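Trainee: just to be clear, the model below is a prediction. Sequence and coordinates:
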Amino acid sequence: MFTKILIANRGEIACRVAATARRMGIKTVAVYSEADAGAKHVAGCDEAVLIGPAAAKESYLRGDKIIAVALATGAQAIHPGYGFLSENADFADACAQAGLVFIGPPAAAMRAMGSKSAAKSLMEKARVPLVPGYHGDIQDADFLQAQADQMGYPVLLKASAGGGGKGMRVVENTADFKAALASCKREAISSFGDDKVLAEKYLSRPRHIEIQVFADTVGNCIYLFERDCSVQRRHQKVLEEAPAPNMPPERRAAMGEAAVAAAKAVGYVGAGTVEFIANQDGSFYFMEMNTRLQVEHPVTEMITGTDLVEWQLRVACGEALPKQQHELRIHGHAIEARIYAENPEKGFLPSIGTLRHLNTPAAVTFKLGGAGGVPAAVRVDSGVREGDAISPFYDPMIAKLIVWGADRAEALARMAQALSEYQIVGLASNIAFLKRLIEGAAFATADLDTGLIERNQESLFPALRAAPPAALALAAVSLMVAEKELSESQSAGNPSDPWGNALGWRLNSALRRQLSFSDDYTLASEVKAKAYVNEVEYHAGGWLLDGQALTLMTRRGLELSIKLGDSAAHGTVRRDGEVFHVFTGGAHYALHYLDPMAHAGEAEAEGGRLTAPMPGKVVAVLVEKGQQVKKGEPLVIMEAMKMEHTIAAPHDGLVEDILYAVGDQVGDGAPLLAFSAV
C-alpha cells in the first residue's frame, strides 16, 4: 500500500479522500491556489503546497506543477478527485512517465470514453443500446442543423468532451438551432478546450440512471448497483438516490451487465460510472461514461457498506477488488442533496460571499460494513467551515448532505429533518428549495424524470409569504436582549444607573416602542405595507408584543426559546449587520431591521444601466450602440462560475452605450451597458 499520496483537488472531495487515507495510515499532500490558502482541505492534509494563483488554469489545472510537488514531497501516487484533471489522459500519462501512480483508469480508457461521439461508436460495437443521434466529426452548423431536422425536435446538443451539465442545450425548433449551437460551443471550449458537439434526440420525461462500476488489474469487473440522478437543474444534478425507485431486479441486472460490458470494452480499471437515459417504459440507452469517482458516490457507499476511495487506493496498488458481484447486497436507501451557494428564485444564479454563520445537522458516524447492514446515518461531506468564502473561481457547492434509512420513506423523513437543521448566513443557498423538493408530491411518490423541477414550478417556487409571528417575536427578543447586554457592558462602572441598563425603565410608566422589520415579502410591489411594525411594551420579566405577553424562557448562544401568548417557539437568531436571520420551524427568515436611528433612506441605484449579476467574463455582446430592442431580447452573455448567464432587456428600449467588450472581466454589479426605455 502507498505510504503517501498527493490529492490534486480541492474542497469536499479533497477532504473526503484525505479522511480515508488517514484511516488507512496513508500520509497526504494537499495542493492549493492563492484563493485557497486557508481552505479546509489544506488544514486536513499532512502537508500542503501552494501551486499558483486563484484561476484554476494557473493552479489546479497545472499538471506539471502538481507532478513536481508530488515528486518533491515523496508522494507515490496522485488522486485526482473529480473535475479538474481527473479525466485528463495526458495528465495520467505524465504521471506514469514521472514514476507516479495515477489513481484512476488507464489513459487509453479515458481517451476512449472522453469523447462522447467516439464512446458511442464503441458502445455500438459492444451492443450497448444507444439514443438515436449524430455522433460524427462533421461540425458544420448547416450540416448539424440538417441532422437535427431529420431527427425531429426537441434535440439535445452536448459537448463531446463535456460533463457536469456544461456545454448542453435543448433545442425546441430549427429556428433556434444555430444560436443554441454557438452558445453550446462557446461553453464547451471554455470548460473543456474542445468545442466539438454531438446531437441526439431529446427524450420526453426520461430518467437519468447511472451504474457504479469497478474493475481491477487482474480481470475482475463488477457493478455496485444504480443511482437515480433524475432531479436536475441546468442539466446538473440536485438530488441523487440509491437504489433507483421502482427498479425491477431484472432491469437492474440488465443495466448492470450493460455497464460492465461498457467498462470491459475499453479495458477499464478503477472506479467509473456508466450513465444511462431511461424511458418511463423501462427501456434505457447509453449516454456516457464518467471515468472517475462521481460526486454522488456516497449514496452507493451507504447502501453497499463500502468505502469506494479505499477501493480506489487498493486497486491502484494492484490488489484485487475487495468483493465480487455475488457478495454485494443493497441495504436500505440513501439520498444525497447538493447544498449550493445559489439563488433558485433567480434562475439558480450562483452566489458568492462569506459563510458568516454555518450550522450543519449533527452527523452520525458512518460505520462501514456494520453487521446486519448499514446503520442509520446522516453524513455531511464539506470542504468549507464557518468564516470561509465561496469565491467566483470555483464551483459553488458548499457541501453534500447524505442520509440513509431502512427504506425510502425513512430516508426522505431523515433528509427533510436534516435540511431543517442546516443553517447558512452570508450568501444565498438552495436549502429551502431542496426541502420543498424532498417534501413535494413528485419526489415523495418517485414520479421522477429530468423535467421534474420544470413540471413543478408552482409548488417549488411558491409565492412569497409573510413571516409568521413567531419569527418576528424571536427577532425582537434577540434585538432587545442584545441591547440590554450592550448597555450593561457600557455601564459596568455604575450598574445601578436606571438610564444605562436598557431594561425599559420609565418613571410612572412603561416604555413603549415600535420595532419595524422588512423582508422580500413586504418589499414586494403587491404588498401595501412596507414593513412589519410591532408594538413593544416593556415590563418586569418580559414584554408585551402587540398586546400579547412575550417572555424569554431560555437562551443558549444564538438559540432562543420564547413564549408568545399561549404559544411557545424555539429558534436560532443570527444577526448579520441590520439583518436578523431567524431559523425556526424548519424555515429561514431574513428580517431587515429598520433602525429609526439610522439615516432615513438610501440613494437608489442608478437606473438605466444593466449590471453584471456576479463577477465574470463577457463572452458575447449581441447588440450594437444605438440599437432598439424589445423586452426579453438578449443583450450580453457572461460566463461566471463555469456557467453562461444571459443579460436580457428588462423592457423595450434603446442601447445608448456598450461599456465592455468580449473577453473583458467585469466585477459584481458592474454596469454592462447604458439602456433607456422608449
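Mentor: Cool, got the structure.
Trainee: for Thr73, report the pLDDT, please.
Mentor: For Thr73, the pLDDT comes out at 98.
Trainee: same question, Ala475
Mentor: Taking Ala475 on its own, its pLDDT is 98.
Trainee: check contacts around it.
Mentor: Taking Cβ atoms under 8 Å, 6 or more residues apart in numbering, we find Ala475 in contact with Phe517, Val573, Phe580, Val582, Tyr589, Leu591, Tyr593. The way it works is simple: take the backbone N, C-alpha and C, and place the C-beta from them, glycine included.
Trainee: save those as a markdown table, and put in secondary structure, distance to Tyr340 and neighbour count too.
Mentor: Converted to a markdown table, the contacts of Ala475 look like this (DSSP: H, G, I helix; E, B strand; the rest coil; distance: Cβ to Cβ, whole Å; neighbours: other Cβ atoms under 10 Å):
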| residue | secondary structure | distance to Tyr340 | neighbour count |
| --- | --- | --- | --- |
| Phe517 | strand | 27 | 25 |
| Val573 | strand | 24 | 24 |
| Phe580 | strand | 24 | 24 |
| Val582 | strand | 22 | 29 |
| Tyr589 | strand | 20 | 25 |
| Leu591 | strand | 24 | 28 |
| Tyr593 | strand | 28 | 20 |
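Trainee: which of those residues lies closest to Phe143?
Mentor: Nearest to Phe143 among these: Tyr589, at 54.3 Å, using Cβ to Cβ.
Trainee: now for that closest one: which residues touch it?
Mentor: Contacts for Tyr589 (Cβ under 8 Å, 6+ apart) come out as Ala467, Ala471, Ala475, Asp519, His581, Val582, Phe583.
Trainee: hmm, 6 Å instead?
Mentor: Counting by Cβ atoms under 6 Å, 6 or more residues apart in numbering, Tyr589 touches Ala467, Ala471, Val582.
Trainee: dump the residues you listed into TSV; add pLDDT and distance to Ile352 as well.
Mentor: Shown next, in TSV, are the contacts of Tyr589 (pLDDT from 0 to 100; distance: Cβ to Cβ, whole Å):
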residue	pLDDT	distance to Ile352
Ala467	96	26
Ala471	98	27
Val582	98	23
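Trainee: list just the nearest of those residues to Leu355.
Mentor: Relative to Leu355, the closest of the contacts of Tyr589 is Val582; by Cβ to Cβ it sits at 17.7 Å.
Trainee: can you redo the contacts of Ala475 as TSV with distance to Arg436?
Mentor: Formatted as TSV, the contacts of Ala475 follow (distance: Cβ to Cβ, whole Å):
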residue	distance to Arg436
Phe517	24
Val573	23
Phe580	23
Val582	19
Tyr589	15
Leu591	21
Tyr593	27
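Trainee: so which of these is the closest to Asn359?
Mentor: Closest to Asn359, out of all of the contacts of Ala475 and judged by Cβ to Cβ, is Val573, at 12.0 Å.
Trainee: Ala263: which of the contacts of Ala475 is nearest?
Mentor: Closest approach between these and Ala263, by Cβ to Cβ: Tyr589, at 49.0 Å.
Trainee: what's opposite the closest one in the beta bridge?
Mentor: Under DSSP bridges, the beta-bridge partners of Tyr589 are Val582.
Trainee: how close does it get to Glu12?
Mentor: Going from Tyr589 to Glu12 by Cβ to Cβ, to the nearest Å gives 28 Å.
Trainee: where does the chain have low pLDDT?
Mentor: For the chain, the stretches with pLDDT under 70 are 163-164, 365-376, 492-503, 505, 507, 525, 528, 598-609, 641-643.
Trainee: and Ala587, how many neighbours does it have?
Mentor: Applying other Cβ atoms under 10 Å, we find 16 residues neighbouring Ala587.
Trainee: if you could redo that for Asn359, that was the one I meant.
Mentor: 16.
Trainee: which stretches in the stretch 201-350 of the chain count as strands?
Mentor: 207-215, 221-228, 232-233, 236-237, 239-242, 270-278, 284-290, 333-340, 342-343, 349-350 (DSSP state E, counting those that start in this stretch).
Trainee: among these, which comes closest to Ala529?
Mentor: With Cβ to Cβ as the measure, strand 342-343 is the member of the strands of the stretch 201-350 of the chain nearest Ala529 (24.6 Å).
Trainee: list the neighbouring strands of the closest one plus their orientation.
Mentor: Strand 342-343 pairs in its sheet with strand 349-350 (antiparallel), by DSSP bridges.
Trainee: ok, Ala107 touching Ala94?
Mentor: No - Ala107 is not in contact with Ala94 according to Cβ atoms under 6 Å; the separation is 9.4 Å.
Trainee: helix or strand for Ala471, which one?
Mentor: Ala471 is located in helix 469-490, with elements delineated by DSSP states H and E.
Trainee: give the residue farthest from the middle of the chain.
Mentor: No residue in the chain sits farther from the centre than Asn508, which is 57.3 Å out by Cα atoms, centre = their mean.
Trainee: how much space separates His208 from Ser351?
Mentor: Note on His208: its distance to Ser351, by Cβ to Cβ, is 26 Å.
Trainee: quick check: angle from the helix or strand encompassing Ile402 to strand 333-340?
Mentor: Using DSSP H and E, Ile402 sits in strand 397-405. Relative orientation of strand 397-405 versus strand 333-340 (axes from the mean of the first three to the mean of the last three Cα atoms, to 10 degrees): 160 degrees.
Trainee: so what does strand 397-405 touch, helix or strand wise?
Mentor: Applying 3 or more Cβ pairs under 6 Å, 6 or more residues apart in numbering; DSSP states H and E, we find strand 397-405 packed against strand 333-340, strand 377-382, helix 408-421.
Trainee: restricting to C-alpha, output the last one in PDB.
Mentor: Output for helix 408-421, consisting of C-alpha atoms alone and laid out as PDB, is shown next (Å, rounded to 0.1, in the frame of the first residue of the first chain):
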ATOM      1  CA  ARG A 408     -37.000   5.300   1.100                       C
ATOM      2  CA  ALA A 409     -39.700   6.700   3.400                       C
ATOM      3  CA  GLU A 410     -37.300   6.800   6.300                       C
ATOM      4  CA  ALA A 411     -34.600   8.300   4.200                       C
ATOM      5  CA  LEU A 412     -37.000  11.000   3.000                       C
ATOM      6  CA  ALA A 413     -38.000  11.900   6.500                       C
ATOM      7  CA  ARG A 414     -34.400  12.000   7.700                       C
ATOM      8  CA  MET A 415     -33.400  14.300   4.800                       C
ATOM      9  CA  ALA A 416     -36.300  16.700   5.500                       C
ATOM     10  CA  GLN A 417     -35.200  16.900   9.100                       C
ATOM     11  CA  ALA A 418     -31.600  17.400   8.300                       C
ATOM     12  CA  LEU A 419     -32.400  20.200   5.800                       C
ATOM     13  CA  SER A 420     -34.400  21.800   8.600                       C
ATOM     14  CA  GLU A 421     -31.300  21.900  10.700                       C
END
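Trainee: contacting residues around that helix?
Mentor: Counting by Cβ under 6 Å, 6+ apart, 333, 335, 361, 378, 401, 403, 405, 431, 434-435, 438-439, 586 sit against helix 408-421.
Trainee: direction included, what does the very next helix or strand once past that helix pair against?
Mentor: Remark: after helix 408-421, the chain's next helix or strand is strand 423-425, criterion DSSP H and E. Here strand 423-425 has these sheet partners by DSSP bridges: strand 357-359 (antiparallel).
Trainee: could you confirm Arg111 falls within a strand?
Mentor: No - counting by DSSP: H, G, I helix; E, B strand; the rest coil, Arg111 is not part of a strand but helix.
Trainee: what is the burial count for the nearest residue to Val573 once chain neighbours are set aside?
Mentor: Counting by Cβ to Cβ, 6 or more residues apart in numbering, Val573 lies nearest to Ser478, which is 3.9 Å off, once chain neighbours are set aside. By the measure other Cβ under 10 Å, the count of residues near Ser478 is 25.
Trainee: next one: Ala677
Mentor: Around Ala677 there are 12 other residues, counting by other Cβ under 10 Å.
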